[in-house]
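Colleague: Below is the sequence, then the predicted model.
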Amino acid sequence: PVLGGLLGLLAHDLRNPLSALQSNLGFLAATDFVADVDSREAIEDGLVSCDGLGHIIANIDLLGQLLRGLPTGERGLVDFAALIDEMVAACSSVARSHNVTLTFRGEPETEFLARCDRELAGRAVTNLIRNSIQHSPSGSAVRLSLSQSPSELVVRVEDRGTKLGLDEGEVPFTAAGQVSAKL
C-alpha cells in the first residue's frame, strides 16, 4: 500500500510540469512565431515526447492504484471497434514520429461488444499499440483487427518487429519478464 501511494504521488507530481510543457509547446505550434521547418519539427517532437511521458505517467498511476488495491473502475458493455478507433487516433502522432502506419479493420456491421472496464481496456490496447510502434521498422505498418466468438473477443495487434521466441511463453508479459528484458 505504501509503495502504491508513493507511485500515485509521483504520478500526480509529474503531471503538473508535463502539463506546462504541453501547453507551452502547443502554444508555439499554434503561432506563426516559429517559421522555420527545423524549429516546427522540434516542437512537434517535443509534443510527441510529452505524449509519451503522459502515457508513462498514466501507467505509473495505474500500477500505484493496483498496489493500493483500489477499485479500477466499473465494468460495462464496451464497443471495442469504437475503442480501438479512439486508441489508434490517440497513438497517431507517435506512429508518425516513428514513420509507422496504423491500420484497423473490423468486420463491417459487426458489433464487437464485451463487458469490461473501458478505461483499463483502452490502456491495455494503447500499451500494445505503442509497443508495436516502438518495435516496428520504419516504413512498416501496425495492423489491428478484431474477431469474436460466443465466448471471447480477440484484439489482435500485428507488427513486423522482432518476434518473441516460442520457448519464452508468458514470461515476457510478466513484471519479472519485463525487468529481465531491460537488463
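Modeller: Cool, the structure landed.
Colleague: ok, the residue of the chain most remote from its centre to residue 39 distance?
Modeller: Distance from the centre of the chain peaks at residue 33, with 31.8 Å (C-alpha atoms, centre = their mean). Residue 33 sits at a distance of 9 Å from residue 39 (criterion: C-beta to C-beta, to the nearest Å). (Each C-beta comes from the backbone N, C-alpha and C, glycine too.)
Colleague: and the residue farthest from the centre of the chain, helix, strand or coil?
Modeller: At residue 33 the chain is in coil, as set by DSSP: H, G, I helix; E, B strand; the rest coil.
Colleague: And it, its phi and psi?
Modeller: Residue 33 has phi and psi values of phi -60, psi -40 when expressed as degrees, to the nearest 10.
Colleague: low-scoring stretches of this structure, by residue?
Modeller: 72, 106, 108 (pLDDT under 70).
Colleague: Any buried residues in the longest strand along the chain, and which?
Modeller: For the chain, the strand that runs over the most residues, judged by DSSP state E, is strand 141-148. By neighbour count on 16 or more other C-beta atoms under 10 Å, the buried set for strand 141-148 is 142, 143, 144, 146, 148.
Colleague: need the next SSE after that strand, C-terminal direction.
Modeller: Sequence order places strand 153-158 as the next helix or strand after strand 141-148, per DSSP states H and E.
Colleague: Show me which residues of the next helix or strand after that next one are buried.
Modeller: Next in sequence after strand 153-158, counting helices and strands by DSSP H and E, comes helix 175-182. Buried residues in helix 175-182, counting neighbours by 16+ other C-beta under 10 Å, are absent.
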